[in-house]
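S.K.: Here is a sequence together with a model predicted from it:
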Amino acid sequence: MSTSGPTTASHHHYRRSLGTISLTAVGLGSIIGSGWLFGAERAARLAGPASIVAWVIGAAVALAIALTYAELGSMFPKAGGMVRFGQYSHGSLTGYLAAWANWIAIVSVIPGEATASVQYMSSWDFDWARRLYDGKELSTSGLALASVLLVGYFALNWFAITLFAKTNTAITVFKVVVPALTAGSLILAHLDTGNFQAAGGFAPNGWSSVFTAVAVSGIVWAYNGFQSPLNLAGEARDPGKSLPKAVIGSIVIALVIYVALQIAFLGAIPAGDLAGGWGGLGYNSPLADLSLAWGLNWLALLLYADAFVSPSGTGMIYAATTSRMIHGVQENGHLPSIFGRVDLKTGIPRPALLLNLFIAFLFLAVFRGWGSLAEIVSVATVISYVIGPVAVMALRRLAPDLPRPVKLRAMPVIAPVAMVFGSLVLYWARWPLTGKVIVLMAAGLPIWAWYELRKPLAELKSHLKAGAWMVGYLFVMAGVSWAGGSEFGGRGYLPSGWDLLVVTLIALAFYAWGVRSAWNSPALEQVRQELAAPGEPDESRPSVDADFGTGSGGEDVVFSGGLSAH
């Protein structure tokens, strides 16, 4: 890996200054972004009052998958960790596909947050504001304003990581307080319990709609923020203790907030607005509109302000984490060396920031509404999830000697369950959306081929053989989605109920294949050497049992909430 000038590609130049509180704040700050502003309405339109259950299912899925990544993140505490694990366990093809899906899912969140802010602004009582959004997508002026927000997200990451940390502290607190205050205020102002049985009952569109809501209404989008602490593992002070606590803590706290918001939203809807059923809801600024309906003008103003603060906070965090992901992809050997450079003075990977800003502009131009971005992000996210359960158990078989600061005794059960959960969510996303996103995954293969086809044939065969399960999985899941139940957009060849069993069996079969196909790849050998090198913190970290440890050392004294405790 080449270096030049005042920068270097080495992950050692990231500052290991983040503790549990800082990492939890980053995770919670990523989870509570634009999802809480729109997710409650979109979930209700699909599933009615049963949308409450959808948030619980989403949290269970995220938690099962997050536990597999917590072990991996503590094993390999490097920047951009989420794009590296597949490379370690299965080589370049699996690693690239997982990294590509993960990067697409995360980088597209950034324009989604900017879009959310502008979309909420369109409800302001000004002619210029109403022209920002036409009910489906942003106008030209809306795109221009969203572009300004994008530049702001990246600018705060460009100049200094400590500047981002100080900014994110206040933003994270605001992002937790305002949703909690919104839920409480709406419940106190008007909680019509009759709404929970109105317009068709608790699950008016059946339970299949609840599952679809998990996949495409923004629920997966929201919980996907648990990845942020893992992508900052290279800057964690004690990854073995802090990463699992941060990941699990952020998911649980977010679940409580999101369920409270969903209950508040359902109970606050005026009865007249349900005349067309749950699918007829059409608020531009859902929670603010309901606040105005019940005379909570102060809350509406607060929500309009938070429509900038919450998405902007998440956008800034994702601008930081995606730059670390690009660094990880470059170290995997699938991008030019310039994208692995880290500024020695600030510890910031600036070329990676510029690349992500360009891609964010591209997504903003193509997908001009929050809903369309949420669907793409959600499905790409699920595809990126499946590598975690496979990689964690494959590495236990292949590399039992590597230090595991977090090693859950129940992982042999958790991993296949997580694989099944992820596959079910992918199926619930409905055809043809699943097929479209799987094609988008294939669109990245020419980049892989550009770098990998230069390798000796014997080595290339090993990468292809180890990655065949991932390619097969994507094609089979696309086929099952096409042939599946009509309630999930398929042709109806698989009867209801049996389709879920088929997806479960497919997930377990590919899980077993994936675990067996791992091999001692060059990337794994390289990371073995790095972990064994003198001065690496991994050698001295104590092992933490399933309760994640309760040690008193190494915690944050000052709540930084960002990327640095300084």
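M.R.: The structure has been received and is ready for your questions. Numbering: from 1, shown residues only.
S.K.: can you give me the helices for the stretch 351-500 of the chain?
M.R.: Using DSSP state H, counting those that start in this stretch, the helices found in the stretch 351-500 of the chain span residues 370-385, 387-398, 411-428, 433-442, 445-452, 457-483, 498-516.
S.K.: what packs against the longest one?
M.R.: Using 3 or more C-beta pairs under 8 Å, 6 or more residues apart in numbering; DSSP states H and E as the contact criterion, the elements in contact with helix 457-483 are helix 85-90, helix 92-107, helix 411-428, helix 433-442, helix 498-516. Every residue, glycine included, has its C-beta placed from N, CA and C.
S.K.: Single out the most deeply packed of the ones you listed.
M.R.: Ranked by mean neighbour count, these are led by helix 85-90 with a mean of 31 (mean count of other C-beta atoms under 10 Å).
S.K.: quick one: average confidence on that one?
M.R.: The predicted model gives helix 85-90 an average pLDDT of 90.
S.K.: before we move on, the earlier item: out of the helices of the stretch 351-500 of the chain, which gets nearest to residue 72?
M.R.: Set against residue 72 and scored by C-beta to C-beta, these come closest in helix 387-398, at 5.5 Å.
S.K.: how big is the angle separating the closest one from helix 92-107?
M.R.: Orientation of helix 387-398 against helix 92-107 (axes from the mean of the first three to the mean of the last three C-alpha atoms, to 10 degrees) gives an angle of 140 degrees.
S.K.: Please report how far residue 438 lies from residue 479.
M.R.: Using C-beta to C-beta, to the nearest Å, residue 438 is found at 10 Å from residue 479.
S.K.: Residue 501 now?
M.R.: 16 Å.
S.K.: for the closest residue to residue 477 other than its chain neighbours, what are its contacts?
M.R.: Among residues not flanking residue 477 along the chain, residue 426 sits closest, at 5.8 Å (C-beta to C-beta, 6 or more residues apart in numbering). Applying C-beta atoms under 8 Å, 6 or more residues apart in numbering, we find residue 426 in contact with 215, 379, 382-383, 434, 477, 481.
S.K.: switch the cut-off to 10 Å
M.R.: 215, 220, 378-379, 381-383, 385-386, 433-434, 437-438, 473-474, 477-478, 480-481, 503, 507 (C-beta atoms under 10 Å, 6 or more residues apart in numbering).
S.K.: Model confidence score at it, please.
M.R.: Reported pLDDT for residue 426: 92.
S.K.: follow-up on the earlier one: out of the helices of the stretch 351-500 of the chain, the one nearest residue 113 is which?
M.R.: Evaluated with C-beta to C-beta, the helices of the stretch 351-500 of the chain place helix 370-385 nearest to residue 113, the distance being 9.0 Å.
S.K.: Okay, buried residues for the closest one please.
M.R.: By 16 or more other C-beta atoms under 10 Å, the buried positions in helix 370-385 come out as 370-371, 373-385.
S.K.: Only alpha carbons, please: show it as PDB.
M.R.: Once non-C-alpha atoms are left out, helix 370-385 reads as follows in PDB (Å, rounded to 0.1, in the frame of the first residue of the first chain):
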ATOM      1  CA  TRP A 370     -37.200  10.000   1.400                       C
ATOM      2  CA  GLY A 371     -39.500   7.000   0.700                       C
ATOM      3  CA  SER A 372     -37.700   5.800  -2.400                       C
ATOM      4  CA  LEU A 373     -34.300   6.200  -0.700                       C
ATOM      5  CA  ALA A 374     -35.600   4.300   2.400                       C
ATOM      6  CA  GLU A 375     -36.600   1.300   0.200                       C
ATOM      7  CA  ILE A 376     -33.200   1.000  -1.600                       C
ATOM      8  CA  VAL A 377     -31.200   1.500   1.600                       C
ATOM      9  CA  SER A 378     -33.300  -1.100   3.500                       C
ATOM     10  CA  VAL A 379     -32.800  -3.900   1.000                       C
ATOM     11  CA  ALA A 380     -29.100  -3.200   0.400                       C
ATOM     12  CA  THR A 381     -28.700  -3.200   4.200                       C
ATOM     13  CA  VAL A 382     -30.200  -6.600   4.600                       C
ATOM     14  CA  ILE A 383     -27.900  -8.000   1.800                       C
ATOM     15  CA  SER A 384     -24.900  -6.600   3.700                       C
ATOM     16  CA  TYR A 385     -26.200  -8.200   6.900                       C
END
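S.K.: now the strands for the stretch 1-150 of the chain?
M.R.: Remark: strands assigned in the stretch 1-150 of the chain by DSSP state E, counting those that start in this stretch are 7-8.
S.K.: ok, back up a step: so which of the buried residues of helix 370-385 comes closest to residue 124?
M.R.: Distances from residue 124 to the buried residues of helix 370-385, taken by C-beta to C-beta, are shortest for residue 370, at 16.8 Å.
S.K.: got any ranges where the stretch 51-200 of the chain has weak pLDDT?
M.R.: Per-residue confidence for the stretch 51-200 of the chain (pLDDT under 70) gives these ranges: 78-82, 160-170.
S.K.: quick one: the helices in it?
M.R.: 51-75, 85-90, 92-107, 109-121, 127-130, 140-159, 161-189.
S.K.: quick one: which of those is nearest residue 229?
M.R.: helix 51-75 (7.6 Å).
S.K.: Compute the inter-axis angle for that closest one and helix 387-398.
M.R.: 40 degrees.
S.K.: Could you pull out the buried residues of helix 51-75?
M.R.: Of the residues in helix 51-75, those buried (16+ other C-beta under 10 Å) are 51-55, 57-75.
S.K.: With stretch 388-398 instead?
M.R.: Buried, per 16+ other C-beta under 10 Å, within stretch 388-398: 388-396, 398.
S.K.: could these go into a markdown table alongside distance to residue 241?
M.R.: Listed next are these as a markdown table, based on distance: C-beta to C-beta, whole Å:
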| residue | distance to residue 241 |
| --- | --- |
| 388 | 20 |
| 389 | 23 |
| 390 | 25 |
| 391 | 22 |
| 392 | 18 |
| 393 | 23 |
| 394 | 25 |
| 395 | 20 |
| 396 | 20 |
| 398 | 25 |
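S.K.: I'd like these as a markdown table, with pLDDT appended.
M.R.: Output for the buried residues of stretch 388-398, formatted as a markdown table (pLDDT from 0 to 100):
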| residue | pLDDT |
| --- | --- |
| 388 | 91 |
| 389 | 95 |
| 390 | 96 |
| 391 | 94 |
| 392 | 95 |
| 393 | 96 |
| 394 | 95 |
| 395 | 94 |
| 396 | 95 |
| 398 | 91 |
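S.K.: Could you single out the nearest of the residues you listed to residue 258?
M.R.: residue 388 (22.3 Å).
S.K.: measure that closest one to residue 215 for me?
M.R.: Distance from residue 388 to residue 215, by C-beta to C-beta: 18 Å.
S.K.: And residue 448, by the same measure?
M.R.: 27 Å.
S.K.: Equivalent analysis for residue 311, please.
M.R.: Residue 311 is 21 Å from residue 215, by C-beta to C-beta.
S.K.: try residue 289
M.R.: Taken as C-beta to C-beta, the span from residue 289 to residue 215 is 26 Å.
S.K.: Could you report the pLDDT at the residue nearest the centre of the chain?
M.R.: In the chain, the centroid-proximal residue (C-alpha atoms, centre = their mean) is residue 224; its distance is 2.5 Å. Residue 224 is assigned 78 on the pLDDT scale.
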